[in-house]
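Undergrad: okay, predicted coordinates and the sequence, questions at the end:
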Amino acid sequence: MKITSTLTTALISATVLFYACGGKEKKTVTEDYGTPQETIDAPDVAADAITQGESLVKASDCKTCHHITNKIIGPSHTDVAKKYEFTKANVELLAGKIIKGGSGVWGEVLMAAHPDITQADAEKMARYVLSLDGETEH
Ligand code: HEC
């Protein structure tokens, strides 16, 4: 009986010791967040709007009538970029056209209206289109 209890005590001690060590090891692993990442630069807001605009244009129906460099139903978006200076006023003008649609600037064919596109998204799309000739907003 005495032997058994000594053995049990020894076993328990060994177990406690084992878990104590195991626990410590685990802690070390949890605290390791790996090597620090490179510092991320502050986001370039202007470039960001253009990138978002590009995604929005690609996700919308624009490509049915517009190609980046070729005229299809509507003018090529690069021709639109060449026609207009990349200014805030023209961003607003073209955003309005994207939402309301219309015709008469490039011909008689009607540009479809996009009433579901918000003003903010339409402006991002306009910024993307206006950036296609390499011009930056001024
Ligand atoms: C149904 C065909 C069609 C679709 C869809 C369409 N467009 Fe157009 N778009 C046109 C036509 C046609 C014109 C030329 C309108 C004109 O002569 O006034 C045009 C003109 C434009 C212009 C120049 C506007 C101006 O006044 O000079 C922009 C910018 C433009 N589209 C962007 C877009 C974007 C962005 C989308 C997607 C959200 C889109 N379009 C979807 C047919 C379309």
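TA: Sure thing, it's come through. Numbering: from 1, shown residues only.

Undergrad: and the spatially closest residue to residue 72 that is not a sequence neighbour, backbone torsions?
TA: Excluding its sequence neighbours, the residue lying closest to residue 72 (Cβ to Cβ, 6 or more residues apart in numbering) is residue 65, at 6.1 Å. C-beta: built from backbone N, CA, C; applies to glycine. Dihedral pair for residue 65: phi -120, psi -20, per degrees, to the nearest 10.

Undergrad: contacts only, for residue 65.
TA: Contacts for residue 65 were tallied using Cβ atoms under 8 Å, 6 or more residues apart in numbering; they are 72, 73, 74, 111, 112.

Undergrad: now a ChimeraX select for only the buried ones of those residues.
TA: ChimeraX command restricting the contacts of residue 65 to the buried ones, with burial defined by 16 or more other Cβ atoms under 10 Å:
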select :74,111
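
Undergrad: what about the ligand: which of the contacts of residue 65 touch it?
TA: Contacts with the ligand within the contacts of residue 65, as defined by Cβ under 6 Å from any ligand atom: 73, 74, 111, 112.

Undergrad: reformat the residues you listed as JSON lines; add distance to residue 54 and secondary structure.
TA: Formatted as JSON lines, these follow (distance: Cβ to Cβ, whole Å; DSSP: H, G, I helix; E, B strand; the rest coil):
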{"residue": "73", "distance to residue 54": "20", "secondary structure": "coil"}
{"residue": "74", "distance to residue 54": "17", "secondary structure": "coil"}
{"residue": "111", "distance to residue 54": "19", "secondary structure": "strand"}
{"residue": "112", "distance to residue 54": "19", "secondary structure": "coil"}
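
Undergrad: residues in contact with residue 137?
TA: Shown in contact with residue 137 (Cβ under 8 Å, 6+ apart): 46, 86, 87, 88, 91, 127, 130.

Undergrad: dump those residues to TSV, plus distance to residue 59.
TA: Shown next, in TSV, are the contacts of residue 137 (distance: Cβ to Cβ, whole Å):
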residue	distance to residue 59
46	21
86	23
87	26
88	24
91	19
127	16
130	19
